[in-house]
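Novice: sharing a sequence plus its predicted fold:
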Amino acid sequence: VQLQASGGGLVRAGGSLRLSCAVSGITFDDYAMSWIRQVPGKEREVVSCTSKSDGSTYYADSVKGRFIISIDNAKNTVYLQMNSLKPEDTSVYYCNARRLEFSTLSDINYWGLGTQVTVSS
């Protein structure tokens, strides 16, 4: 299983970026796909999560109305469109795939390497 995030960079406040997470080795139907960010020394924050199995989508209050998560099955890629970026969105963004293994009730988690997003004021 591989998750490879890309698309980060430096952008001015009010700008946009689109993060991509190229995924291989899993089926989107079986996993909840998330974007999670973390600033060194601070708690991780689940930015957005989507599940194809039940059609649910979650956004943190801090990004609601500005970020959009989507999945392109044909390209095996998860996207995070980030609009109206703010300096407080500066962080390392990680892609995560997660499912519950019912036979053992254990979490199966896969992580990609992060991509840095820096928003200047």
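Specialist: Cool, got the structure.

Novice: as a check, name the ranges of all strands in this structure.
Specialist: 2-6, 9-12, 17-24, 32-38, 45-51, 57-59, 67-72, 77-82, 91-101, 106-111, 115-120 (DSSP state E).

Novice: can you redo the ones you listed as JSON lines with mean neighbour count?
Specialist: All C-beta spots, glycine's among them, are computed from the backbone N, C-alpha and C. Output for those, formatted as JSON lines (neighbours: other CB atoms under 10 Å):
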{"stretch": "strand 2-6", "mean neighbour count": "16"}
{"stretch": "strand 9-12", "mean neighbour count": "13"}
{"stretch": "strand 17-24", "mean neighbour count": "18"}
{"stretch": "strand 32-38", "mean neighbour count": "21"}
{"stretch": "strand 45-51", "mean neighbour count": "19"}
{"stretch": "strand 57-59", "mean neighbour count": "15"}
{"stretch": "strand 67-72", "mean neighbour count": "17"}
{"stretch": "strand 77-82", "mean neighbour count": "21"}
{"stretch": "strand 91-101", "mean neighbour count": "19"}
{"stretch": "strand 106-111", "mean neighbour count": "13"}
{"stretch": "strand 115-120", "mean neighbour count": "17"}
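
Novice: just put those in CSV and tack on mean pLDDT.
Specialist: CSV is the format used below for the strands of the chain (pLDDT from 0 to 100):
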stretch, mean pLDDT
strand 2-6, 96
strand 9-12, 98
strand 17-24, 98
strand 32-38, 97
strand 45-51, 97
strand 57-59, 97
strand 67-72, 97
strand 77-82, 98
strand 91-101, 95
strand 106-111, 94
strand 115-120, 98
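
Novice: check contacts around Ser121.
Specialist: For Ser121, the residues meeting the contact criterion (CB atoms under 8 Å, 6 or more residues apart in numbering) are Ala13, Pro87.

Novice: and it, how far is that from Asp54?
Specialist: Here the criterion is CB to CB, to the nearest Å. By it, Ser121 lies 39 Å from Asp54.

Novice: so what sits opposite the residue nearest the centre of the chain in the bridge?
Specialist: With distances taken as CA atoms, centre = their mean, Trp35 lies nearest the centre of the chain, 1.7 Å away. Taking DSSP bridges as the rule, Trp35 bridges to Ser48, Cys95.
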